[in-house]
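Visitor: What would the 3D arrangement of this be:
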Amino acid sequence: MSARQKIQLRETVTGPDPQARPDATIIVLHGLGTDGRDFAPLVRELDLSRVGPVRYVFPDAPLRTVSVHDEPVRAWYDPRPVAPVTGALSTQDEDGLRASQEVVQALIDREAVRGISSEQVVLLGFSQGAVMALMAGLRAPQRLAGLVVLSGYLPLPGATPAELSAANRDVPIFMAHGDQDTVVVPQRAKTSRDTLIDLGYDIAWHPYPMGHEVCPQEIRDLNSWLASLLAPWH
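Guide: As a prediction, this is how the structure comes out:
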């Protein structure tokens with residue numbers, strides 16, 4: 001799938017006037033096997049009224065055949081099997097990752113056309129979507145407001161240092177993970193966090209007593225982080 005292909009997405013604007021020009025955009029990237037509707041309820045849990053009107057964009061990943069499912073599912077890339085404790089794997093679906101990176105970059109570019117500065121754009125993802133937030137966000141040529149990585153990990157760590165965008169060398173990153181996660185094991189997330197710290201990123205790290213999911217405290221912490229990050233633009 002290339003950035004030139006049309007993808008299905010949904011949008012909503014929060015604030016007292018849904019017709020008002022948004023002050024910020026949050027692009028929400030879903031996990032494996034769901035679609036853009038999966039995290040739409042997140043909007044009802046976040047209170048960013050101090051920021052002003054916020055546009056949420058919910059794209060659908062393409063339908064594809066992946067190694068862990070018999071039938072085609074919506075997936076940003078093929079999540080190949082990993083070691084159960086360390087999360088290590090021999091290969092990653094680089095082609096799928098790079099194709100979806102183009103899609104996410106096209107969504108960032110689309111906001112610029114609609115009058116939203118890239119510095120007012122946040123990439124927020126869960127699981128596979130969190131992986132794509134890092135994959136695209138760290139390489140985006142224009143400065144972003146921040147990256148939110150919920151239950152995800154850093155893809156292509158060996159290639160990342162040479163591909164980092166100068167514009168986002170110090171982009172704020174919120175990382176949250178369940179310490180009982182059996183899908184993306186905690187060690188994989190911690191290794192990703194440490195790699196990013198070694199690369200010079202300031203990581204807001206938030207562990208929670210949960211599995212591969214989102215919990216109320218996580219939403220509260222994320223709300224506070226997003227409000228502080230985006231409020232200066234209001």
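
Visitor: buried stuff in the lengthiest helix in the chain?
Guide: Criterion DSSP state H: the longest helix present in the chain is helix 94-113. Across helix 94-113, burial judged by 16 or more other Cβ atoms under 10 Å covers 96-101, 103-108, 111. Backbone N, C-alpha and C define where each C-beta goes, glycine included.

Visitor: what do you get for stretch 59-70?
Guide: Result for stretch 59-70 [16+ other Cβ under 10 Å]: buried residues Pro59, Asp60, Ala61, Pro62, Arg64, Val66.

Visitor: From what I see, the last one and Trp76 are in contact.
Guide: No - using Cβ atoms under 8 Å, Val66 makes no contact with Trp76, being 10.0 Å away.

Visitor: Mind listing the shared neighbours of those two?
Guide: Common contacts of Val66 and Trp76 (Cβ atoms under 8 Å, 6 or more residues apart in numbering): Leu32.

Visitor: Could you dump the buried residues of helix 94-113 into CSV and include pLDDT and distance to Asp70?
Guide: Shown next, in CSV, are those (pLDDT from 0 to 100; distance: Cβ to Cβ, whole Å):
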residue, pLDDT, distance to Asp70
Gly96, 94, 18
Leu97, 96, 22
Arg98, 97, 26
Ala99, 95, 22
Ser100, 96, 22
Gln101, 97, 27
Val103, 96, 25
Val104, 97, 27
Gln105, 97, 31
Ala106, 96, 30
Leu107, 97, 30
Ile108, 97, 34
Glu111, 96, 37
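
Visitor: Which single one of those residues is nearest to Ser49?
Guide: For those, the residue nearest Ser49 by Cβ to Cβ is Glu111; the value is 20.8 Å.

Visitor: How about the contacts made by that closest one?
Guide: Glu111 sits in contact with Thr25, Ile27, Arg55, Val57, Ser118, Val121, where contact means Cβ under 8 Å, 6+ apart.

Visitor: Narrow those to those in strands?
Guide: Mapping those onto strands (DSSP state E) picks out Thr25, Ile27, Arg55, Val57, Val121.

Visitor: any idea how far the longest helix of the chain is from the chain center?
Guide: A distance of 12 Å separates the centroid of the chain from that of helix 94-113, by Cα atoms, centre = their mean, to the nearest Å.

Visitor: Return the alpha-carbon coordinates of it using PDB.
Guide: Taking Å, rounded to 0.1, in the frame of the first residue of the first chain, the C-alpha atoms of helix 94-113 are listed here in PDB:
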ATOM      1  CA  GLU A  94      10.200  -4.000   6.800                       C
ATOM      2  CA  ASP A  95       8.200  -3.700   3.600                       C
ATOM      3  CA  GLY A  96       4.900  -3.400   5.500                       C
ATOM      4  CA  LEU A  97       6.400  -1.000   8.000                       C
ATOM      5  CA  ARG A  98       7.700   1.300   5.300                       C
ATOM      6  CA  ALA A  99       4.600   1.200   3.300                       C
ATOM      7  CA  SER A 100       2.500   2.100   6.300                       C
ATOM      8  CA  GLN A 101       5.000   4.800   7.200                       C
ATOM      9  CA  GLU A 102       4.100   6.500   3.900                       C
ATOM     10  CA  VAL A 103       0.400   6.300   4.700                       C
ATOM     11  CA  VAL A 104       0.900   8.000   8.100                       C
ATOM     12  CA  GLN A 105       3.200  10.600   6.600                       C
ATOM     13  CA  ALA A 106       0.500  11.400   4.000                       C
ATOM     14  CA  LEU A 107      -2.000  11.900   6.900                       C
ATOM     15  CA  ILE A 108       0.500  14.400   8.500                       C
ATOM     16  CA  ASP A 109       0.900  16.200   5.100                       C
ATOM     17  CA  ARG A 110      -2.900  16.300   4.800                       C
ATOM     18  CA  GLU A 111      -3.300  18.300   8.000                       C
ATOM     19  CA  ALA A 112      -0.800  20.900   6.700                       C
ATOM     20  CA  VAL A 113      -3.000  21.300   3.600                       C
END
